[in-house]
Structure formats: C-alpha cells, structure tokens
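Trainee: Here you go, sequence then predicted model.
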There are 2 protein chains.
Amino acid sequence: MRLGKKIRILVADDHYIVRIGLVSLVNTAGDIEVVAEAADGSQAIELYEKHQPDLVLMDLRMTVKTGIEATIEIRRKHPKARVLVLSAFDGDADIRKAFEAGAQGYVLKSSTGEKLIPAIRAVAAGERWIPREVAHRLSSRNSYETLTTRELEVLNQIAKGLANKQIASHLGISEYTVKDHLKSILAKLRVADRTEAVSVSAQRGIIQL
Amino acid sequence: MRLGKKIRILVADDHYIVRIGLVSLVNTAGDIEVVAEAADGSQAIELYEKHQPDLVLMDLRMTVKTGIEATIEIRRKHPKARVLVLSAFDGDADIRKAFEAGAQGYVLKSSTGEKLIPAIRAVAAGERWIPREVAHRLSSRNSYETLTTRELEVLNQIAKGLANKQIASHLGISEYTVKDHLKSILAKLRVADRTEAVSVSAQRGIIQL
DNA sequence: TCCGACATCCCTCTTTGGAGGGGGGGATTC
DNA sequence: GAATCCCCCCCTCCAAAGAGGGATGTCGGA
C-alpha cells in the first residue's frame, strides 16, 4: 500500500461538512485518496459506476436513497465492491442491515481518525472490520428477534397513528390479523404497547420516523 | 476582519469527522481559526470558559449535555457569547429551541462552505443568521403551538410506553389530569393518538427518543 | 380588575387495545 | 413426513384510550 497505487475511495454522505472532514482526514494518510463525493444514495450508485473506486465510505441515512439501498444495488451489480459504512447511529438494526446489504465494515462517526484510517485500509484489502463497540451492539442484543416483513408493514402504519382497523383495510386483511401481528411485534420487541414499540424500533433503527 | 485578528471559534460536535471538516473548511477562509474542539456539551462549556472564543459553532444533539443546554449555560454566564448552531436536523422545535436558548444563527449540516463561512462571519460580527430553508421551517408551521412543560413531561412518559395511570402516579396527579394533558397534546400536534404524537414530536425535535 | 393560559380534578360514554385462547394453509427445512 | 415459520382468520374479555362535557384555583399581563 505504501508505494504504488493509492486506495481510491468514494465518499457518500449528505452532510457537506462530513465529506470535507473525510477528505482532509484521508489526505493525512497518504495512501488513500477520495476520487468522488456523493451527497445521496443515488449519486453514490452513479459515481461508483463512473469511478469504480476500491472502496465506498457510506453513510446510512441519506435522502433520495438510503445507504442501505445504495449498498445493495452497488453490491448487486459489482459483487466485488467494498463498502465501509460510516454511521452516526449505533442501533443494532442499522448495523445488521448494513452487513446484510453487503457492507464489510461499520464505523461510528464519533470514532477518531486513528480508528477510521485502519478501517479503510482493512476493508479495502478485503477484510471485515467491526469495532468492539459495534460488535457489542449486536451481541448484547443476543436475543434479538427479527420482525417479519408483514410485521414491519404493520409497525410502520402504527407509527403513522393508524388504528388497527385502518391498517387492516389498508393491507386488505382482517383486523384480527393486524392484532395478531401487533401481538408478535410487542412480544419480539419486549415492549408494553404500540407506542413504546414505535419509540424502541425507531431508536434501534428498525423503522425510520 | 481581513487584517489583524482572526475570528476565534470553538467547535462543539460529538462527531470527530465533523470537527475535522469544520477545522479544514475554516482554514480555507483565512480570517477564521478554531481555537478549541469540544466533543460534548459539558466540554463546550468548559472550553468556552477557558478560551473565550468569539463564536461557538454548536451541534445540537450531543451526549452528556445537549447543544441547547450548553448554549443556555454559556449565554447565562456570558451574555455576549455568540453561538451559531450547526445541526443535521431541521425540525421546527429544534430551531425554535436554539434561538430561545440564545443562539444567533442556525445552519444545516448539509449546507455548503460558501454558505457556512458567511454565517460564521455574520454571527461573529453580531448579526443574526437564518437561512431561507431554516426560516421556512418556522413560518410554514405558523400555526405551531407550543407544548407546556407539563405536557412535555406527559409526552415523554408516553413515549416510554407508560399508561395514563402509571404516568399519573409518577407525576403524583390524577389520571384525569393526565388524560387532559394528553387531549391538549393531541390537539396541538394535530394527531390521532398517542402513538402518532410520539412519532410526530420526535420528527419535529420536540422530544428525543 | 378582568382575561387568558396553565394546571388540576371530575364524570360519562364509546371505541380501541391488548391478552389469551382457538384454528387453517402454504412454504421450507431437516 | 414431521417440524417450523409465516400469514391469515376467529372469538371473548377486560382494561385502556380518547371524545365531550363541567369545574376550580393560580398567576401574570393588558
């Protein structure tokens, strides 16, 4: 890495300040260079195609397309693509979704440069990179239970303030069934009622408000 | 500003990357320098005391103490302190609270350097700085109704999944009263039920989940 | 001083939520 | 082919939520 070609990275983050920060941080490293900057998920996909970088530094919560969606699409078209997620959020669902989408690493925005640069080098070299605090989020929640797609649909409608009856007619199913899904949502998230279900799942990154 | 003393600023943000970004952005300006960096609200207060900068660039959502709390405390001790809030969130409540806390400006993290540098110069010079998109958040929600402190207490407990009865005993009031507060919360936020109240108020920055 | 906002308490009534049961059918996996 | 998971439907029952009234006291501003 020291000599010869630099690691070419694409930075995707909707915050201008963050992109500047990454560029200047990476410049101090010497063996890494930012070849393109994307301000949302769609741009990230576009610019990946164009520049074929060695690695994408990907934020998760972006407009137009999320980092998860962008990661999935990039990885689908380019199975060798390397994605290092750089997120402000440490919800277990966010982390899990990132790896499921095909990311090889997950770093928190609060982490310092001494932690970020090695992560970039490692993931660019094909390794996985999961810092202790990130791994902890996953393991501590060992009894984590995944919501089914139907349960997620119901949960999202609940977050909008819809009543079971309304959800039922929206989904074209019986109110009994909505209640059944809700029951299992409450059980899986281990919460008391629909309201706590919404706040807990928002905290953990299961739903976006 | 061009000649002589530089504008001395304190940067407060819990994301290392953002702090780097701000430092390097500001360096390109020439007439501004970062004299200290804080990673949370308490540090911001501490470092303000120590360096007495011309301006604080303050993030809102930080650990230990929020940017709002830090701003209030700094302004209380130093009424001449100038604070420019730099936030990722554009919820009307966040914006409102920032100005109530004594900030003179509010810039979004997605805004580019050409917008941020003038904001820093303006606020440091004693002017107010409210970009169009920020002002719009406030005015579009013209029929915005403020929740009272009691209503906020109730709302926060609702977000935890507590039932009216439990909230009543926690606050030492009657369940009837809790229901009354809830009624006015629902009316003010114009939502259908407690669950939507939680998601809407979280979106708008009225409560933190 | 009167008014309005806030906080408190009270009552009734209807709807909704959620717990706790009972099923059935389809798909996948072992 | 048994087991498991998902999705779906149904029923009862009680507690909780929320709408719609009425009422009291305080406090600060017009």
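Mentor: Noted; the coordinates are in hand.

Trainee: Was I right to think A:V11 contacts A:L25?
Mentor: No - with contacts defined as Cβ atoms under 8 Å, A:V11 does not count as touching A:L25, sitting 10.3 Å away. Every C-beta, even on glycine, is put in place using the N, C-alpha and C of the backbone.

Trainee: what about those two, which has more around it?
Mentor: A:V11 (26 against 21; other Cβ atoms under 10 Å in any protein chain shown).

Trainee: Show me how chain A divides into domains.
Mentor: Taking automatic domain parsing as the reference, chain A has its domains at A:7-140, A:149-203.

Trainee: Tell me which of these sits most buried.
Mentor: domain A:7-140 (a mean of 20; mean count of other Cβ atoms under 10 Å in any protein chain shown).

Trainee: Next, see if it gets close to DNA strand D.
Mentor: No - Domain A:7-140 stays out of contact with DNA strand D when judged by Cβ under 7 Å from any atom of the strand, the minimum separation being 14.6 Å.

Trainee: Let me see the ranges of the helices in chain A.
Mentor: Ranges of helices within chain A are A:16-27, A:41-51, A:67-77, A:92-101, A:113-124, A:132-140, A:149-159, A:164-171, A:175-189, A:194-203, based on DSSP state H.

Trainee: Show residues contacting the shortest one.
Mentor: The one in question is helix A:164-171. A:153-154, A:157-158, A:162, A:174-175, A:177-179, A:182 (Cβ atoms under 8 Å, 6 or more residues apart in numbering or on different chains).

Trainee: Also the fifth one?
Mentor: Residues from elsewhere that reach helix A:113-124, judged by Cβ under 8 Å, 6+ apart: A:1, A:7, A:9, A:25-26, A:28-29, A:31-32, A:54-55, A:57, A:82-84, A:86, A:104-105, A:107, A:128-129, A:131, B:16-17, B:20.

Trainee: one more time with 7 Å, if that's ok
Mentor: Outside helix A:113-124, the residues that touch it by Cβ atoms under 7 Å, 6 or more residues apart in numbering or on different chains are A:1, A:7, A:9, A:25, A:29, A:32, A:54-55, A:82, A:84, A:104-105, A:107, A:129, A:131, B:16.

Trainee: End to end on stretch A:47-66, go ahead and measure it.
Mentor: 15 Å (Cα to Cα, to the nearest Å).

Trainee: That stretch close to chain B?
Mentor: No - Stretch A:47-66 lies apart from chain B when judged by Cβ under 7 Å from any Cβ of the partner chain; the minimum separation is 8.6 Å.

Trainee: The lowest-mean-pLDDT helix or strand in chain A near chain B at all?
Mentor: None of the helices or strands of chain A scores lower by mean pLDDT, DSSP states H and E than helix A:132-140, at a mean of 84. No - Helix A:132-140 lies out of reach of chain B by Cβ under 7 Å from any Cβ, never closer than 13.3 Å.

Trainee: Run through who's touching that helix.
Mentor: So helix A:132-140 is contacted by A:90, A:92, A:95-96, A:106, A:108 (Cβ under 7 Å, 6+ apart).

Trainee: Kindly indicate which of those residues lies nearest DNA strand D.
Mentor: A:R96 (14.6 Å; Cβ to the nearest atom of the strand).

Trainee: Show the contacting residues for the closest one.
Mentor: A:L138.

Trainee: how far away is it from A:A135?
Mentor: Distance of A:R96 to A:A135, given as Cβ to Cβ, to the nearest Å: 12 Å.

Trainee: One more: A:I185?
Mentor: 26 Å.

Trainee: per-residue pLDDT, A:L3?
Mentor: If you check A:L3, the pLDDT there is 55.

Trainee: I meant to write A:E114 there.
Mentor: For A:E114, pLDDT reads 86.

Trainee: quick one: it from A:P131, how far?
Mentor: 12 Å.

Trainee: for A:T63, same thing?
Mentor: A:T63 is 27 Å from A:P131, by Cβ to Cβ.

Trainee: ditto for A:E175
Mentor: Taking Cβ to Cβ, one finds A:E175 at 45 Å from A:P131.

Trainee: ditto for A:M62
Mentor: A:M62 is 22 Å from A:P131, by Cβ to Cβ.

Trainee: ditto for A:H78
Mentor: 25 Å.

Trainee: Near the residue lying closest to A:F89 once chain neighbours are set aside, how many other residues are there?
Mentor: Spatially, and ignoring its direct neighbours in sequence, A:F89 is nearest to A:G205 (5.8 Å; Cβ to Cβ, 6 or more residues apart in numbering or on different chains). If you count neighbours by other Cβ under 10 Å, A:G205 ends up with 21.
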